[in-house]
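# need a structure here:
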Amino acid sequence: MDKYKQPFLKSKRSFHKPLTPIESGDQIYYRNIRLISQFISEQGKILSRRVNRLTLKQQQLITIAIKQARVLSLLPFINNEKKFLRTK
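You can find the predicted model right below:
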């Protein structure tokens, strides 16, 4: 009977706003290769929002910018650097 009289405990998870790696002056644009390449894995895949620590709107803009840069061949679709390395 005593366990039912215990006070309700809140969860210990902290709900803080994640720090975004995109600064206020940075433009999310397909020509900004320096910024866009931070959000691509070594295999050429777009990293998830959880890994990037971005907001939903920022992740959508990054995804669109990466896809536009790929179509315009500013970024590769896949990263094949390991295939072309010659072993001596």
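
# hey, which helix is longest across this protein?
Identified as the longest helix of the chain according to DSSP state H is helix 56-71.

# can you map out the helices along this protein?
33-36, 49-52, 56-71.

# dump those into CSV; add mean neighbour count as well.
All C-beta atoms are positioned from the backbone trio N, CA, C, and that covers glycine. Supplementary listing: these in CSV, determined by neighbours: other C-beta atoms under 10 Å:
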stretch, mean neighbour count
helix 33-36, 15
helix 49-52, 14
helix 56-71, 16
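
# got those helices as JSON lines, with mean pLDDT columns?
Converted to JSON lines, the helices of the chain look like this (pLDDT from 0 to 100):
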{"stretch": "helix 33-36", "mean pLDDT": "92"}
{"stretch": "helix 49-52", "mean pLDDT": "90"}
{"stretch": "helix 56-71", "mean pLDDT": "94"}
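
# now render these as a markdown table, adding distance to Ser24.
A markdown table is the format used below for the helices of the chain (distance: least, C-beta to C-beta, whole Å):
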| stretch | distance to Ser24 |
| --- | --- |
| helix 33-36 | 13 |
| helix 49-52 | 17 |
| helix 56-71 | 12 |
